[in-house]
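Visitor: below are the sequence and a predicted model for it; my questions follow.
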Amino acid sequence: MQIDKTTYKDAKKLKTIDYETFLKYAQEYVSKNYAAVLADDNKSSELISYLEQFYNQSNYIVEDMNASELGKRLYSDMAEFSVLTDYLNSSRSDLEEINLNSWDDIALHSDNGTVIKSNRKFFNSTHALDVVKRMLHKSGMILDMSKPMVRGYLNKNTRLTVVAPPIIDSDIGVAASIRLINPKKLTKADFISKNTATEEMLEFLCNALRYNISMCITGSTGSGKTTLMSLILSSIPDNKRIVTIEEGVREFDLVKKDDNGKVVNNVIHMVTRQSDNERECVTSEMLVSTSLTLNPDILCVAEMKDKEAFAAQEAARTGHAVITTVHANSAEATYARMCTLCMLKHDIEYGIVNNLVREAFPIVVYTKKLEDNSRHIMTIIECFVNENGETTTKVLWRYVITSNTYENNECIINGYYEKVNDISEALTQRLLENGMPENLIEIITGKEQSA
């Protein structure tokens, strides 16, 4: 039963205090009497009821809050993630990332590209650090003075990168990037309506991978690489076996089920495992090697950023269809970036490695988030051997920007997609050998195939 403390018969004995002070009293009360309930996520309503009861029986008043509101907020601060709880709600799909710059500075990145400052903040630097530690605990990660930089996850849709003192000033508390993986799957129609690509470009990429042509999607963080890769992978026929490799937390969810809950496609999702004990670590490089014994038709290495790059290009050059991503600032620069990563594994002459990665990934797709927050496939290139026996590249499609203007401090970018070249004769022949129907090749190339 809730008590209206404004008409409480002993109102003169009541003392008005701020929320933060009452939170400390409530924490002591719960720790002493209901520690087991606090640790059980399935007893949230029970703990909220105890907190309401504690408030009603206390001699305190927290202004502008009744017992029900106070109980829920106390529970959020004690067992959930305080001011971040609402932003982390799985039912929300409007946020892509939460940036903690300090305990009193939270920036929210929306799915339309805008960035706004939250009007909420933690109580102080210690409070912010405690909440982020609680989040990392979900993935078994510890953040302390000996490990002030940590990458972890809250669940399969939430990834964290955190830095703490002494890497940053102690009065900041904690700085973090919380990446929210939107479970909503975009369709080709979504890409086309947002002008991210044309139907012709998407059809080419989906069919190229389906018929065993490896490719790399490149661009900066937030440019849409993973979203595009997910779309391409979702177009693969159900009878093809897909193996995905991700670091630490799984973003892909490619498993399809019918109305009866029966799995209808062939997918294996794998993630790496970090451990202070090196013998217990499972790296991307190890998973790439293991995946080749799992009979994959399509191998997805979610991101190449270390020695796994060498294993991925080896897989692509030995007949497997590999799709991956890497950070680079142009399509052509992607090959240099892959060379750098491969040379972390073996001290091989740059020219040799360059030939290897260009053979392994004949298609490179460069994506970019523009100043107006729109995302586009800026370039699709093909690497091939020309008539002189030289390895070279050519642009297949590109996004041409015609104007950049500002209206009311908002950037407006106009442009159009242009098909620049057809695929090479060598790639055409590979697609034929890999089973692509001639009528489909004619659509891609615009040329009738000879009998």
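Guide: In hand now; what should we look at?

Visitor: spatially central residue for the protein, please.
Guide: Geometric centre of the chain, nearest residue: Ile181, 5.0 Å, by C-alpha atoms, centre = their mean.

Visitor: so what's Ser115 scoring on pLDDT?
Guide: Ser isn't right for residue 115; it's Val. pLDDT for Val115: 87.

Visitor: and it, how far is that from Val357?
Guide: Distance of Val115 to Val357, computed by C-beta to C-beta, to the nearest Å: 35 Å. Backbone N, C-alpha and C define where each C-beta goes, glycine included.

Visitor: give me the more crowded residue out of those two.
Guide: Between Val115 and Val357, Val357 has the larger neighbour count (other C-beta atoms under 10 Å), namely 26 against 11.

Visitor: residue contacts, that one?
Guide: Taking C-beta atoms under 8 Å, 6 or more residues apart in numbering as the contact definition, Val357 lies against 313, 335, 338-339, 342.

Visitor: next up, phi/psi of Ser139, please.
Guide: Backbone torsions for Ser139, taken as degrees, to the nearest 10, come to phi -100, psi 10.

Visitor: also the one 5 residues further on?
Guide: Note on Asp144: its backbone torsions stand at phi -150, psi -170 [degrees, to the nearest 10].

Visitor: any idea of the mean pLDDT in the helix or strand harbouring Leu427?
Guide: Leu427 belongs to helix 425-433 when assigned by DSSP states H and E. Average pLDDT, helix 425-433: 94.

Visitor: can you name every helix or strand that it contacts?
Guide: Judged by 3 or more C-beta pairs under 8 Å, 6 or more residues apart in numbering; DSSP states H and E, the packing partners of helix 425-433 are strand 375-385, helix 438-445.

Visitor: domain-wise, how is the protein divided?
Guide: 11-80, 84-180, 188-445 (automatic domain parsing).

Visitor: how far away is the nearest residue to Ile167 once chain neighbours are set aside from Tyr34?
Guide: If the residues on either side of it in the chain are set aside, Ile167 comes closest to Pro148, at 4.6 Å by C-beta to C-beta, 6 or more residues apart in numbering. For Pro148, the distance to Tyr34 equals 33 Å [C-beta to C-beta].

Visitor: again with Cys411
Guide: 53 Å.

Visitor: what separates the host helix or strand of Val37 from the chain centre, distance-wise?
Guide: Using DSSP H and E, Val37 sits in helix 35-38. Computed by C-alpha atoms, centre = their mean, to the nearest Å, the chain-centroid distance of helix 35-38 equals 33 Å.

Visitor: got the contact list for that helix?
Guide: So helix 35-38 is contacted by 30-31, 43, 46-47, 50, 78-79 (C-beta under 8 Å, 6+ apart).

Visitor: now do the helices in this structure.
Guide: For the chain, applying DSSP state H gives helices covering 19-33, 35-38, 44-57, 67-79, 125-137, 188-193, 199-210, 225-234, 284-291, 308-317, 333-342, 350-360, 425-433, 438-445.

Visitor: relative to Lys368, which of these is closest?
Guide: Proximity to Lys368 (C-beta to C-beta) singles out helix 225-234 among the helices of the chain, at 10.1 Å.

Visitor: helices or strands next to the closest one in the packing?
Guide: helix 188-193, helix 199-210, strand 215-218, strand 298-301, strand 321-326, strand 363-369.

Visitor: now these as TSV including distance to Asn124, mean neighbour count and mean pLDDT?
Guide: Formatted as TSV, the helices and strands packed on helix 225-234 follow (distance: least, C-beta to C-beta, whole Å; neighbours: other C-beta atoms under 10 Å; pLDDT from 0 to 100):
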stretch	distance to Asn124	mean neighbour count	mean pLDDT
helix 188-193	42	14	94
helix 199-210	49	20	96
strand 215-218	42	28	98
strand 298-301	42	26	96
strand 321-326	39	26	97
strand 363-369	34	23	97
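
Visitor: redo the ones you listed as CSV? Include distance to Val83.
Guide: Shown next, in CSV, are these (distance: least, C-beta to C-beta, whole Å):
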stretch, distance to Val83
helix 188-193, 32
helix 199-210, 40
strand 215-218, 35
strand 298-301, 36
strand 321-326, 32
strand 363-369, 27
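
Visitor: which residues are in contact with the closest residue to Glu332 other than its chain neighbours?
Guide: In space, Glu332 comes closest to Thr393 once its chain neighbours are excluded; the distance is 6.2 Å by C-beta to C-beta, 6+ apart. Under the criterion of C-beta under 8 Å, 6+ apart, the contact list for Thr393 reads 331-332, 364, 381-384.

Visitor: from the residues you listed, which is closest to Leu233?
Guide: Of all these, Val364 has the smallest distance to Leu233: 17.2 Å, by C-beta to C-beta.

Visitor: before we move on, back to that, winner for burial among the helices and strands packed on helix 425-433?
Guide: Most buried of the helices and strands packed on helix 425-433 by mean neighbour count (mean count of other C-beta atoms under 10 Å) is strand 375-385; its value is a mean of 22.

Visitor: helices or strands up against it?
Guide: helix 199-210, strand 363-369, strand 391-407, helix 425-433.

Visitor: and the angle from the first one to strand 363-369?
Guide: What it means is helix 199-210. For helix 199-210 against strand 363-369, the angle by axes from the mean of the first three to the mean of the last three C-alpha atoms, to 10 degrees is 130 degrees.

Visitor: contacts for helix 199-210?
Guide: 188, 191-192, 215, 228, 231-233, 235-237, 240, 298, 321, 323, 363, 365, 377, 380, 396-397, 417, 419, 431, 436, 440, 443-444.

Visitor: one more time with 7 Å
Guide: For helix 199-210, contacts defined as C-beta atoms under 7 Å, 6 or more residues apart in numbering pick out 188, 191-192, 215, 232, 235-237, 298, 321, 323, 363, 365, 377, 380, 397, 417, 436, 440, 444.

Visitor: tell me the spacing between Asp86 and Met135.
Guide: 14 Å.

Visitor: list the contacts of Lys72.
Guide: Lys72 makes contact with Ile48, according to C-beta under 7 Å, 6+ apart.

Visitor: test my guess that Ile242 contacts Asn295.
Guide: No: checked against C-beta atoms under 7 Å, the pair Ile242 and Asn295 is beyond contact range at 11.3 Å.

Visitor: show me which of these two is the more surrounded one.
Guide: Neighbour count, other C-beta under 10 Å: between Ile242 and Asn295, Ile242 has more, with 23 against 10.
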